[in-house]
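# Here you go, sequence then predicted model.
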Amino acid sequence: MASKVGEGRDNGKMPPSHQPSVRHVIALSERKFNVKTLPADMLRVYRALESKFGEEYALLFVFNMRTAIELHRAWHMTLLTSKILQSVKDRFGLRMTWNLGVIRLKFRVEDGGFELHRKVPYDYDSEFQDLYMRIATALIQDRITVHEALIFQTDVKEGRHTARSGLFLRDFPGRLVVYPALAATCAVIFFGGDWVDAGVAAICGVATGLFEYALVTIGGEAKILIDLFAGMITGIIGALFYRFNGETYCLSAIFLGTLYWYFYGTAFVIGILEIITGELETGVTRFMAVSIKTFVLCLSASFGMLLTLEAPADVWKDQTSNCNQIQLGNMWWRIPLYLACSASALAQYRFRVVEYWRGLAVQLVGYEVQYQVAQFFVERSASEKDNLDTMASNLIGMACAVIAACILSKLIDFFQNRYYGQLLQRDTHRYDTDSKIDDCVFALYTCKVKFFSAVKIGRREELDKIELERKLKQETDELRDPNHPREEVKLEEKEENLLLDTIVNAESVNIWAMLMPTVYQLVPGSIIAKLWFSVIFPPDLIETERLIEGTNYTYFTYTLDYANENIYANLMVVATSLALGLIVGFAFVQSVEYLATAFAWWECDEMKEDRKKELNMRKGMYTMAKDSSDDPEEKESKLSTVMEEKEDGGEEDDEEAEGDDFEEESPAQEESPVTST
């Protein structure tokens, strides 16, 4: 059986890696997760595992599977999801494997004795990414029990940990306000449209949002028609404005701005990243799937033009003269408009409204660095950017965005640890120390919580936590006073929920949840759309008249338009350079932190160990998770080498062996008979 979760609370002893916490002096009620709420197949596997290995082992399998499903749905970042699952597996000795495909997931336990399948479509959700990762981290750190972790997951999915502003934007009908905002701003900032084009794109955004709302409400197979209707409605509305309101519209800006919502551009970069890191099957499948999805959208928009216009091919060629009428580089509102577009993207990704400033800061760094580097190369070469210049601007922009996200997360963690350290009494209370840092941080966070609560975009529970902190401080002081009659600190059910909410949210910031909207803003989803439009409406050949030497006769040559024919090459350059930018950015940050850990002589071993764990988790953003079962012979070889060194008399510290991932097996890792499926 895996080690007891939360035993630090149950027997009154603190886990050695934890700082003192108020939880260890509070008599919390025992919580039980209702397994009857599980799907039938998962419940059958749970019953079988429970009968053989006990309740906790079976619940840990359920937790890991549910974590994989929701993280995969929320971000489709298979590398990081696998890393989190592997951490839970290693911590509790689960005999569990998984295969995270693009859509279909497979889970095996007990050497394949049981296998469960799930089909999980895209549904990006930054808030869920953050919370589910924090829950897993809190469980790994023994801060909560597996029962509490499963109950917390259920509450998150039911929206009990989401602010009212987030619930409004999370689903229809409130989500309808995001469609026109994203379409209008994208049409201008990215695709060369003007303000009139932005207005038409907003109308198309409302129309596509309403049709998607209707199809989602119908449910079932009707959802398959979302892309078809979105593209066709956009094509019809844009073509109607072009035909009956003057031929002055940039249709490509209207189409691409509206359909930007449906271009899974992030998947292009993730697909390339998976291929680079060795997940070839998933990466190639993802890249092809998103390419075909984009083609369906473009073909549907073209069909809408066909239903409305007499000569759609000629119109598509003529409308290009209406594009790029605004020189964004000379406009003072370029950055404010980009921030408005980024805010719409954050709403699409269900980012916490009170944390928009975090996402906007990282998005602005990535966009502005990419823009300025691109402008530098244009001015240097006095010509259009070549593909090498495109690669440099995207790689540097993405790497700088990663570095900015990591720096911001460090700063947030620093202040957040002090704030939650006061709420949970992990550190010396601010009233009991002469330092004013904790007082300032707590006052700052308190003002922030009260402000967002006053404007109705924050959670009421955040205010309740501040009130709970006052009560806990008073009662714990009374408990520690030998002259006071108080024997225990007892909380009501609502207060216990607040305490668990505080424990989970006190975990470190999820960097990928903060970085992913930036990747979405930089990725080339629209580039492949331009590729498909150039296939549907082939560009004209370039005609050149040449003089025959020694005569008065001329002849004509016809060549391909390289700028329009080479879009696929541009797509590969942009997608690959962004993926490399992610790798370079994280590698740079990790190198700096490794050096800081090596030379920070003033830090205690516990702080260095915490940093190593954080670095290990961050590797999952650009490398595959390592599992000893992938190559057991290599592990046995290393283990035998270690044993030989010990037999030779080397009194090595046990922690050095642990550095090679050789830990003493828990009872849950002992050999067990394989159960037939």
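Everything's here; your move. From a predicted model like this one, the values you see are computed outputs, not experimental measurements. Residues are numbered from 1 along each chain as shown.

# check contacts around the residue nearest to the spatial centre of the chain.
By CA atoms, centre = their mean, the chain has its centre lying nearest to A513, at 3.7 Å. Counting by CB atoms under 8 Å, 6 or more residues apart in numbering, A513 makes contact with 75, 126-127, 129-130, 133. From N, CA and C alone the C-beta is placed, and that goes for glycine too.

# and C447, how far is that from I466?
11 Å (CB to CB, to the nearest Å).

# out of those two, which sits in the more crowded spot?
Taking other CB atoms under 10 Å, C447 and I466 do not tie; I466 has more neighbours (15 against 10).

# isn't there a helix covering the more buried one?
Yes: under DSSP: H, G, I helix; E, B strand; the rest coil, I466 sits within a helix.

# quick one: contacts for T576?
The contact partners of T576, taken as CB under 8 Å, 6+ apart, are 272, 391.

# Am I right that it is in a strand?
No: in this structure, T576 is helix, not part of a strand, as judged by three-state DSSP.

# how close does it get to V269?
9 Å.

# Then E368?
Taking CB to CB, one finds E368 at 19 Å from V269.

# Between these two, which is the more surrounded one?
A direct count of neighbours by other CB under 10 Å for E368 and V269 places V269 higher, at 27 against 16.

# give the contact list for the more buried one.
519, 523, 575, 578-579, 582.

# Residue ranges in the protein under the pLDDT threshold?
1-25, 27, 381-386, 427-432, 434, 524-526, 540-543, 558-568, 600-677 (pLDDT under 70).

# can we see that at 50?
Scanning the chain for pLDDT under 50 picks out the ranges 1-20, 639, 642-643, 646, 650-677.

# What are the boundaries of the strands in it?
Ranges of strands in the chain, per DSSP state E, are 96-100, 104-109, 114-119, 542-547, 554-559.

# With mean neighbour count as extra columns, can I get those in CSV?
Supplementary listing: these in CSV, determined by neighbours: other CB atoms under 10 Å:
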stretch, mean neighbour count
strand 96-100, 19
strand 104-109, 18
strand 114-119, 15
strand 542-547, 10
strand 554-559, 9
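
# Dump the ones you listed to a markdown table, plus distance to M391.
Listed next are the strands of the chain as a markdown table, based on distance: least, CB to CB, whole Å:
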| stretch | distance to M391 |
| --- | --- |
| strand 96-100 | 29 |
| strand 104-109 | 33 |
| strand 114-119 | 36 |
| strand 542-547 | 26 |
| strand 554-559 | 25 |
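
# Which elements pack onto the longest helix belonging to the chain?
Looking across the chain with DSSP state H, the single longest helix is helix 387-423. Helices and strands touching helix 387-423, by 3 or more CB pairs under 8 Å, 6 or more residues apart in numbering; DSSP states H and E, are helix 356-381, helix 437-454, helix 460-480, helix 493-505, helix 511-522, helix 567-599.

# try 6 Å this time
The criterion is 3 or more CB pairs under 6 Å, 6 or more residues apart in numbering; DSSP states H and E, and the helices and strands that helix 387-423 contacts are helix 356-381, helix 437-454, helix 511-522, helix 567-599.

# Please identify the deepest-packed of those.
Comparing the helices and strands packed on helix 387-423 by mean neighbour count (mean count of other CB atoms under 10 Å), helix 511-522 ranks first with a mean of 26.

# Okay, angle between it and helix 567-599 too, please.
Helix 511-522 and helix 567-599 meet at an angle of 150 degrees, taking axes from the mean of the first three to the mean of the last three CA atoms, to 10 degrees as the criterion.

# then helix 511-522 to CSV, C-alphas only?
The C-alpha coordinates for helix 511-522 follow below in CSV (Å, rounded to 0.1, in the frame of the first residue of the first chain):
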residue,chain,number,x,y,z
ILE,A,511,3.4,28.7,-15.6
TRP,A,512,1.9,26.9,-18.7
ALA,A,513,-1.6,28.1,-17.7
MET,A,514,-0.2,31.7,-17.8
LEU,A,515,1.9,31.2,-20.9
MET,A,516,-0.5,29.2,-23.2
PRO,A,517,-2.6,32.3,-24.2
THR,A,518,0.6,33.9,-25.4
VAL,A,519,1.5,30.9,-27.5
TYR,A,520,-2.1,31.1,-28.9
GLN,A,521,-1.5,34.8,-29.9
LEU,A,522,1.8,34.0,-31.6
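
# now that helix: how far from the chain's centre is it?
Put simply, helix 511-522 sits 7 Å off its chain's centre (CA atoms, centre = their mean, to the nearest Å).

# what angle sits between it and helix 356-381?
Going by the same axes, to 10 degrees, helix 511-522 makes 40 degrees with helix 356-381.

# now helix 511-522 against helix 387-423, angle please.
Orientation check (the same axes, to 10 degrees): helix 511-522 against helix 387-423 gives 150 degrees.

# Report the separation between the two terminal residues of stretch 159-176.
19 Å (CA to CA, to the nearest Å).

# Any buried residues in it, and which?
Within stretch 159-176, the residues that count as buried by 16 or more other CB atoms under 10 Å are 161-163, 165-166, 168-170, 175.

# For that stretch, give me every contacting residue.
The contact list for stretch 159-176, computed with CB atoms under 6 Å, 6 or more residues apart in numbering, reads 209, 213, 347, 350, 353, 457-459.

# could I get the helices and strands packed on helix 387-423 as CSV with distance to L116?
Below are the helices and strands packed on helix 387-423 laid out as CSV (distance: least, CB to CB, whole Å):
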stretch, distance to L116
helix 356-381, 34
helix 437-454, 40
helix 511-522, 26
helix 567-599, 31
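
# follow-up on the earlier one: mark which of the contacts of stretch 159-176 are buried, thanks.
For those, buried by 16+ other CB under 10 Å: 209, 213, 347, 350, 353, 457-459.

# Which of these fall in helices?
209, 213, 347.

# List the contacts of the nearest residue to W75 once chain neighbours are set aside.
Nearest non-adjacent residue to W75, counting by CB to CB, 6 or more residues apart in numbering: Q129, 4.9 Å away. By CB under 6 Å, 6+ apart, the contact list for Q129 reads 74-75, 510, 513.

# same thing with G238?
Per CB under 6 Å, 6+ apart, neighbours of G238: 251, 254.

# and the gap between it and S321?
For G238 relative to S321 (CB to CB), the value is 16 Å.
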